[in-house]
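1. need a 3D model of the following:
(chains A and B)
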Amino acid sequence: MSNTLFSAGHTACAGCGQSLAARLVIDAAGKNTIVVNNTGCLEVFSTKFPESAWEVPWIHSLFENASAVASGVEAALKYLGTKDNINVIAQGGDGSTADIGLQALSGMLERGHDILYVCYDNEAYMNTGIQRSGLTPFSTNTTTSPIGTCSSGNLRPKKPMPEIAVAHGIPYVATASSGFPQDLQRKVKKALSIKGPKYIQIHAPCPLGWRYESNILVQVSKLAVETGLYPLVEYESGVLSAKRQIVPKPVEEYLKLQGRFKHLLKNPEELKKVQDIADNNIKKYGLKAETVQASS
Amino acid sequence: MKQFLEGSHAIAEAIKLCKPGVISAYPITPQTHIVEDLAQMVSNGELKSQFVNVESEHSAASVVLGAEATGVRTYTATSSQGLFYMMEVVFNIAGLRLPIVMTDANRAISAPINIWNDQQDTISLRDAGWIQLYAEDIQEAVDLHFMAYRIAEDKSMMLPVMVCMDGFILTHGFETVDMPTQEMVDKFLPPYSPLYKLDVNDPMTLGPLVDPDGYAETRYAIQKTHEEALEFIPKVMSDFSKVSGRNYGGLVEGYQLKDAERVIIAMGSVCGTIKDVIDELRAKGKKVGLLKIVSFRPFPAQAIYEALKNVAKVAVVDRAVSLGSYAPIAADVKSAFFGKKKGPKVISSFIVGLGGRDITKHSVKEIFRLLTTKELEGEFIDLKPELLKESYE
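-> Below is the predicted model of the structure:
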């Protein structure tokens, strides 16, 4: 046994935000946890038969059904009378959460199951080769939203998944980032202390899909938050209860580290649109700090 | 105790006796009465199950998958489009070797949309790895559920079982049903003890990625278990007969086969009508019979061969079409005789009763009439020429 519930030796890429975030999540949750995983990078790189990185009971069924499988796990634990002592976590990437798995997730949230859903948001279908998803940011260059003479990449902004989760009237929704590990683990523990459905969406950079150097994972993660492009927020019982305040940095600082946004640096008009998205977030969530905060 | 029951209600009563811990379903005609009755039983506290109302059949199958993997007996029911919507989960359940029992109220497939009975839905999922058992009447449908759990959960099987019952005809029809007591069912069906499960005290990874180094062996293992099921299913049926007094005889059931020269092979409720016609024709001295297929998967090729090797002419009745190829049951039956020394001289194939069109005694007589030395391939019975005229002339 290692000192983590997500063992080393899996086959994730160097600089993978999802593998870091997944380890932080399960270690915060502890060993009395059953994990249900959608298909995706995480399942592929952590469970290639005959090996597994998971030191907790873990099941993978299909791409889009972790929410429903977890609902069954939770119902079975209730039937057995052991639910109160066991956490159930359903997890998946952004595609399996916001696109193909949204219906199952909505059902799970609406039914009130005592489950924490974790979305590892790397902002495209990375496992299949960087195709755009509903959580791909505006003007991102992906293999199915490629830049060209008629396009500056992905045409639409990210689907507002945290708000969609909040709209289900669930007790806890949060966003987190692989760049802020203590904040992430605090949110997981908090979520698991609350009965009912919970949703946490974790920004989890992908070196391959985003095209950044593998040694700057944490820097990239932090800059997404510090520019206002990935607000870290918490909703309790539908109310925005906490947010990480920032001294906003220009979005270029974040974009210039990544190949997927390279085209924007030569296109002031498109760049402005991305800055507008960050500015809107800063205003909407009240992210701007009066004074500089110490980062956790 | 004998009671006059609606088919769906009888199934709900049977499931109650099997005590599933988790039930999940999504409504689709003609499955609805089964799950409505179960929901009422849970609501009344007569059945201590978790009843999970889901937003789709895909999730219904996924919920029972998750619950079964947690070590609890489960139940779901669906029909037609619902079965198709859960198709990838259906295959997944078999791959995970989870002994789930599901009822399918057999119904036609869209388009055109049609809520009435044929068997296209389950037959299209014949390759999913599930055992498929087909009921002739409500009593058999009821009894097959007890046997389905026993077969599925046996450590030598660990395969899901689909009990297929003709929509409306069996789900909404009424019959006198001899419902076993709880004591009888408990004696026949022990509590579920899983081979493996999601357990925080014994963590296990289920459903990993398996690459070319291991995938084929998982398919081989299911295939081998299906072969073993050909031996195991009749054993369970025999055990059930000791408790219930009703013996279904095994994978197939013969009717008036002894000296039969012409035999129909069929599956499901149509067998009742065929038996009536056989009685009438026998009274006139015609040597006719029926071979009913109970287990379509595993396919009982050997049992069919043994039953029909000395019969001159066989008519296979399909209530589904493999569009662009041979009728599904007919293709399997022909394979059972291919290359064998003995066997019928004629195996004719008939497609009948699609989308709920009644299969009358007249339809069955027509099949016997057409069962001559001239072999027919996928012959549609009871077509309406006036409807075809418009399209093709």
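2. can we go C-alpha only for contacts and neighbour counts from here?
-> OK.
3. quick one: classify B:A307 as helix, strand or coil.
-> Secondary structure for B:A307, judged by DSSP: H, G, I helix; E, B strand; the rest coil, is helix.
4. against B:M237, how distant is it?
-> Summarising the geometry, the distance separating B:A307 from B:M237, computed by CA to CA, to the nearest Å, is 18 Å.
5. between the two, who's got more neighbours?
-> It is B:M237, of B:A307 and B:M237, that has more neighbours when counted by other CA atoms under 10 Å in any protein chain shown, with 23 against 17.
6. residue contacts, that one?
-> B:147, B:247-250 (CA atoms under 8 Å, 6 or more residues apart in numbering or on different chains).
7. what is the nearest of these to B:K2?
-> Minimum distance to B:K2 across the contacts of B:M237 is 17.0 Å, recorded for B:N247 (CA to CA).
8. let me see the confidence value for the closest one.
-> Per-residue confidence (pLDDT) for B:N247: 92.
9. for chain A, which spans come out with low pLDDT?
-> A:1-2, A:291-296 (pLDDT under 70).
10. select the longest helix from it.
-> Longest helix in chain A by number of residues (criterion: DSSP state H): helix A:268-285.
11. what residues does chain B have near chain A?
-> Chain B comes close to chain A at residues B:21-22, B:49-50, B:52-55, B:58-60, B:62-72, B:89, B:92, B:198-200, B:202-211, B:214, as judged by CA under 8 Å from any CA of the partner chain.
12. out of those residues, which are inside strands?
-> Judged by DSSP state E, the residues of chain B next to chain A include B:22, B:50, B:52-53, B:205-206 as members of strands.
13. by neighbours, which of those wins?
-> When neighbours are counted by other CA under 10 Å, B:V22 leads these with 27 neighbours.
14. related to what we said a few turns ago, okay, among the contacts of B:M237, which ones form the most distant pair?
-> If you compare every pair in the contacts of B:M237 using CA to CA, the most distant one turns out to be B:M147 and B:G249, at 12.7 Å.
15. which one of those two has more residues nearby?
-> Neighbours were tallied for B:M147 and for B:G249 using other CA under 10 Å; the higher tally belongs to B:M147 (22 against 15).
16. mind listing what's buried in the longest helix of chain A?
-> Buried residues in helix A:268-285, counting neighbours by 16 or more other CA atoms under 10 Å in any protein chain shown, are found at A:270-271, A:274-275, A:277-279, A:281-282, A:285.
17. and for stretch B:201-213?
-> Of the residues in stretch B:201-213, those scored as buried under the neighbour-count criterion (16+ other CA under 10 Å) are B:203-210.
18. kindly report the same for stretch B:374-390.
-> If you call a residue buried by 16+ other CA under 10 Å, then stretch B:374-390 has these buried ones: B:375-376, B:378-382.
19. roughly how far is that stretch from the heart of the chain?
-> Average the C-alpha atoms of stretch B:374-390, do the same for its chain, and the two points are 27 Å apart (CA atoms, centre = their mean, to the nearest Å).
20. which residues touch the residue of the stretch 151-296 of chain A found nearest chain B?
-> Residue of the stretch 151-296 of chain A nearest chain B, by CA to the nearest CA: A:H168 (14.1 Å). With contacts defined as CA under 8 Å, 6+ apart, the neighbours of A:H168 are A:106, A:109-110.
21. and for B:I23?
-> Each residue near B:I23 by CA under 8 Å, 6+ apart is listed here: B:49-52, B:64, B:74-76.
22. nearest to A:E236 among those?
-> Distance to A:E236, by CA to CA, is smallest for B:V52 among those, at 25.7 Å.
23. list the contacts for that closest one?
-> If a contact means CA under 8 Å, 6+ apart, then B:V52 has A:75, B:22-25, B:60, B:63 as its contacts.
24. of these, which is the most crowded?
-> That'd be B:V63 among the contacts of B:V52, by other CA under 10 Å, with 34 neighbours.
25. does the closest residue in space to it that isn't next to it in sequence fall in a helix, a strand, or a coil region?
-> What sits nearest to B:V63 in space, not counting adjacent residues and going by CA to CA, 6 or more residues apart in numbering or on different chains, is A:G72, at 3.9 Å. For A:G72, the secondary structure call by three-state DSSP comes out as helix.
26. thinking again about what came up before, looking at the buried residues of stretch B:374-390, which is nearest B:L159?
-> Nearest to B:L159 among those is B:G378, at 31.9 Å by CA to CA.
27. what sits against the closest one?
-> For B:G378, counting by CA under 8 Å, 6+ apart, the contacting residues are B:326-327, B:348-351.
28. which among those residues end up buried?
-> Applying a neighbour-count criterion of 16+ other CA under 10 Å, the buried members of the contacts of B:G378 are B:327, B:348-351.
29. which ones among these map onto strands?
-> When strands are assigned by DSSP E, the members of those inside them are B:348-351.
30. so B:E366 belongs to a strand, correct?
-> No - counting by three-state DSSP, B:E366 falls outside a strand, being helix.
31. related to what we said a few turns ago, pLDDT for the contacts of B:I23 - can I get that in TSV?
-> Written out in TSV, the entries for those read as follows (pLDDT from 0 to 100):
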residue	pLDDT
B:S49	98
B:Q50	98
B:F51	98
B:V52	98
B:V64	98
B:T74	98
B:Y75	98
B:T76	98
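32. filter those residues down to the buried ones, ChimeraX style.
-> Selection of buried members from the contacts of B:I23 for ChimeraX, criterion 16+ other CA under 10 Å:
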select /B:49,50,51,52,64,74,75,76
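33. what does chain A put close to chain B?
-> By the rule CA under 8 Å from any CA, the part of chain A lying against chain B is A:31-34, A:43-44, A:47-50, A:52, A:54-62, A:65, A:68-79, A:86, A:103-104, A:107, A:111.
34. sort out for me which of those are in strands.
-> The members of these that map onto strands under DSSP E are A:33-34, A:58-60.
35. touching, B:L281 and B:G289? I think so.
-> No - taking CA atoms under 8 Å as the definition, B:L281 is not a contact partner of B:G289, at 9.6 Å.
36. run through the residues that contact the residue in the stretch 101-250 of chain B that chain A sits nearest to.
-> When you check the stretch 101-250 of chain B against chain A by CA to the nearest CA, the closest residue turns out to be B:P203, at 4.1 Å. With contacts defined as CA under 8 Å, 6+ apart, the neighbours of B:P203 are A:55-58.
37. who touches stretch B:91-104?
-> With contact meaning CA under 8 Å, 6+ apart, stretch B:91-104 is reached by A:61-62, B:31, B:64-65, B:68-69, B:73-80, B:83, B:122, B:128-130, B:145, B:148-149, B:152-153, B:158-165, B:206-207, B:218-219, B:222.
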